[in-house]
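> only geometry, no sequence info:
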Ligand SMILES: NC(=O)c1ccc[n+]([C@@H]2O[C@H](COP(=O)([O-])OP(=O)(O)OC[C@H]3O[C@@H](n4cnc5c(N)ncnc54)[C@H](O)[C@@H]3O)[C@@H](O)[C@H]2O)c1
Ligand SMILES: O=C[C@H](O)CS(=O)(=O)O
């Protein structure tokens, strides 16, 4: 898709500004240049943070009804321009136009939920007289905004995952500086466009484009930035956590999601759900189904149907409505996935389908008999590859599921409420879906994981909690 190279500006403290250097934004499908954005410098980031100090005061002084109005008008703007937002996502990222449209609709929902949560930031009265000697004291606590939030976001959901930080930040009266993924900055800039249209006061929001290690370090280490809200890979997450020092940290990291399919399940339903969960967004999805543990009595039936359904996946031009799966975000990423699969095959894994690359495209791939000593067995693939395993029973499936040092979400297909509850209790994850794959989320639910999958929870209400602090107020009365 060729678009007029207009050269985007970044959105710093409410102003659209150029930079001294530029970054080319490319379409993963054909590596064509679709636009350019500024490559901000460390100095630009320092200036941005200085402006955000004023922004934090402005944001905190916005009455709740104004915050709600601005967020809802921004949501309206995006809804009215859905096609433009979807095309931008489907051009700069590797999502198909159908996947991109769904992301825009979710972003609108995320913002509307954020507006609602702005009116629900409550405190509580505190019965101080529970302690002898405090009979003449009354008071409460309320929640106040922490000030400046630094948000660093990934490439795979370039709009909605930015909204998951900007929405709650504004709802809770904070200023926020977003450093979007270097390869997919345009969608984040469009989010800024919506808030500029909605009349968000200047200096409250910045979207600063550039290289993560260059400007990210400044954002992460600056003392005026009181929280880092990061979504991305565990390697970068650990780097940031080490550098951040004494400030709030929210880490939404990687995964290697398991799904269990028991013999009493609806196999056709399980197949449909896990194929979608494995190959949505070409597997570049933190909730992607990476491992499926199938009870041995139904292995042949499930495996046959799964491979058959996988082979029906339409891989091609991501701008076409008929396309189920587009490319990965870069050819380099496709080669990384190809190498992971080839390592497994060299070590004895069986390839049931896929395993072929063409540039940035990598076919939906199904492996079985994958040895434990393969990288692909324990690391996050973040590509269209799924591993099938045979298990004798639920307990073995749970044990194997928990062996991997990630724990974002899992799924289990069973008609037994007892078995479902055993999985709920025993699986070491942040979310478990019964008769859904791991790839299920609504934007208001608590979202996040354990082990290497992260720290804290997103999902608007939970982000608002992380982005605010309680303040206790106590009155000692003289003639009570
Ligand atoms: N748990 C979740 O909610 C969730 C959601 C989406 C993606 N992810 C994870 O994100 C990863 C894929 O996204 P990605 O490839 O964009 O991740 P990434 O970690 O490579 O990059 C994420 C962001 O960090 C920035 N960055 C890179 N190095 C940095 C540094 N040294 N300091 C500061 N910032 C730096 C990047 O520019 C980008 O904006 C996968 O692991 C996926 O599981 C998790
Ligand atoms: O990639 C991870 C995303 O957070 C999953 S979802 O798109 O929000 O469901």
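Alright, I've got the coordinates. Not measured: the values here are computed from a predicted model. Numbering: from 1, shown residues only. Ligands and ions are numbered 1, 2, ... in the order given.

> Could I get the pLDDT score of residue 5?
As predicted, residue 5 sits at a pLDDT of 61.

> mind checking which helix or strand residue 461 is in?
Using DSSP states H and E, residue 461 sits in helix 460-466.

> next one: residue 339
helix 331-346.

> Enumerate residues external to that helix that contact any of its residues.
Residues outside helix 331-346 that contact it (Cβ atoms under 8 Å, 6 or more residues apart in numbering) are 31, 283-284, 327-328, 349, 351, 355, 357, 359-362, 365, 367, 370-371, 374-377, 379, 381-385. From N, CA and C alone the C-beta is placed, and that goes for glycine too.

> by contact count, what packs against the following helix or strand past the helix holding residue 461?
Next helix or strand after helix 460-466 toward the C-terminus (DSSP H and E): strand 468-476. Secondary-structure packing of strand 468-476 (3 or more Cβ pairs under 8 Å, 6 or more residues apart in numbering; DSSP states H and E): strand 137-145.

> Could you check the angle the strand it packs on makes with strand 468-476?
Here strand 137-145 runs at an angle of 160 degrees relative to strand 468-476 (axes from the mean of the first three to the mean of the last three Cα atoms, to 10 degrees).

> Tally up the residues packed near residue 373, please.
By other Cβ atoms under 10 Å, the residues close to residue 373 number 11.

> so what's it scoring on pLDDT?
Residue 373 is given a pLDDT of 95.

> any idea how far it lies from residue 347?
Distance, residue 373 to residue 347, by Cβ to Cβ, to the nearest Å: 7 Å.

> Residue 368 too?
Going from residue 368 to residue 347 by Cβ to Cβ gives 13 Å.

> Contact residues of the stretch 151-300 of the chain facing ligand 1?
When proximity is defined by Cβ under 6 Å from any ligand atom, the stretch 151-300 of the chain lies next to ligand 1 at 152-157, 161, 179-182, 212-213, 216-217, 220, 231-233, 236, 239-240, 252-255, 286.

> got any ranges where the stretch 151-300 of the chain has weak pLDDT?
The model of the stretch 151-300 of the chain has no residue with pLDDT under 70.

> which residues of it fall in helices?
Assigned helices in the stretch 151-300 of the chain, in chain order: 160-171, 186-197, 217-221, 234-244, 267-279, 299-311 (criterion: DSSP state H, counting those that start in this stretch).

> Would you mind finding the most buried of the ones you listed?
Neighbour counts (mean count of other Cβ atoms under 10 Å) averaged over each of the helices of the stretch 151-300 of the chain peak at helix 160-171, with a mean of 29.

> Can you tell me the SS state at residue 94?
Under the three-state scheme (DSSP: H, G, I helix; E, B strand; the rest coil), residue 94 adopts coil.

> Filter the contacts of helix 331-346 down to the buried ones.
Taking 16 or more other Cβ atoms under 10 Å as the criterion, what is buried in the contacts of helix 331-346 is 283-284, 327-328, 349, 351, 355, 357, 360-362, 365, 367, 370, 374, 376-377, 379, 381-385.

> among those, which are in strands?
The strands, defined by DSSP state E, take in 351, 357, 361-362, 365, 367, 385 from these.

> Which member of those residues is positioned nearest ligand 2?
For those, the minimum distance to ligand 2 (Cβ to the nearest ligand atom) is 15.7 Å, reached by residue 385.

> Test my guess that that closest one contacts residue 290.
Yes. Using Cβ atoms under 8 Å, residue 385 is in contact with residue 290, at 7.4 Å.

> Mutual contacts of these two, please.
Shared contacts of residue 385 and residue 290, defined by Cβ under 8 Å, 6+ apart, are found at 278, 283.

> Return the residues of this protein in contact with ligand 2.
Near ligand 2, when you scan the chain using Cβ under 6 Å from any ligand atom, you find 156-157, 161, 285-287, 441.

> let's see 5 Å
157, 285-287, 441 (Cβ under 5 Å from any ligand atom).

> Can I get these in JSON lines including neighbour count and distance to residue 35?
Below are the residues of the chain next to ligand 2 laid out as JSON lines (neighbours: other Cβ atoms under 10 Å; distance: Cβ to Cβ, whole Å):
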{"residue": "157", "neighbour count": "27", "distance to residue 35": "19"}
{"residue": "285", "neighbour count": "24", "distance to residue 35": "25"}
{"residue": "286", "neighbour count": "29", "distance to residue 35": "26"}
{"residue": "287", "neighbour count": "23", "distance to residue 35": "29"}
{"residue": "441", "neighbour count": "16", "distance to residue 35": "29"}
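
> Which single residue of the stretch 51-200 of the chain ends up nearest ligand 1?
residue 154 (3.1 Å).

> mind checking the longest helix of this protein?
helix 97-118 (DSSP state H).

> Now do that helix against helix 160-171, angle only.
Using the same axes, to 10 degrees: helix 97-118 against helix 160-171 is 20 degrees.

> before we move on, the earlier item: what's the local residue count around the spatially closest residue to the residue of the stretch 51-200 of the chain closest to ligand 1 that is not a sequence neighbour?
Distances taken as Cβ to Cβ, 6 or more residues apart in numbering place residue 232 nearest to residue 154, at 4.6 Å, with adjacent residues excluded. By other Cβ under 10 Å, the residues close to residue 232 number 22.

> so what's residue 232 up against?
Residue 232 makes contact with 152-154, 181, 252-253 under the criterion Cβ under 8 Å, 6+ apart.

> Which among those count as buried?
Neighbour-count burial (16+ other Cβ under 10 Å) is assigned, among the contacts of residue 232, to 152-154, 181, 252-253.

> For residue 242, which residues are in contact?
Under the criterion of Cβ under 8 Å, 6+ apart, residue 242 has no neighbours.

> can you check residue 47 too?
residue 12.

> Does it lie in a helix or a strand, and which?
Here residue 47 sits within helix 42-61, counting by DSSP H and E.

> what does residue 412 give?
Counting by DSSP H and E, residue 412 is found in strand 409-413.

> And residue 305, what's its pLDDT?
So residue 305 comes in at 98 (pLDDT).

> before we move on, the earlier item: name the helices or strands packed onto whichever helix or strand comes after the helix holding residue 47?
On the C-terminal side of helix 42-61, the closest following helix or strand by DSSP H and E is helix 64-80. Contacts defined by 3+ Cβ pairs under 8 Å, 6+ apart place helix 64-80 against helix 97-118, helix 160-171, helix 186-197.

> what bridges to residue 140?
residue 125, residue 473 (DSSP bridges).

> Touching, it and residue 127? I think so.
No. Taking contacts as Cβ under 8 Å, residue 140 lies outside contact range of residue 127: 10.2 Å.

> When those two are compared, which one has more neighbours?
residue 140 (16 against 11).

> who touches the more buried one in this structure?
Contacts for residue 140 (Cβ under 8 Å, 6+ apart) come out as 123-126, 472-473.

> returning to that earlier point: close enough to count as contact, the residue of the stretch 51-200 of the chain closest to ligand 1 and residue 160?
No. Here residue 154 does not reach residue 160: they are 11.1 Å apart, not a contact under Cβ under 8 Å.

> Could you check how far the residue of the stretch 201-350 of the chain found nearest ligand 2 is from residue 318?
As assessed by Cβ to the nearest ligand atom, ligand 2 sits closest to residue 286 within the stretch 201-350 of the chain, at 3.2 Å. Separation of residue 286 from residue 318 (Cβ to Cβ): 20 Å.
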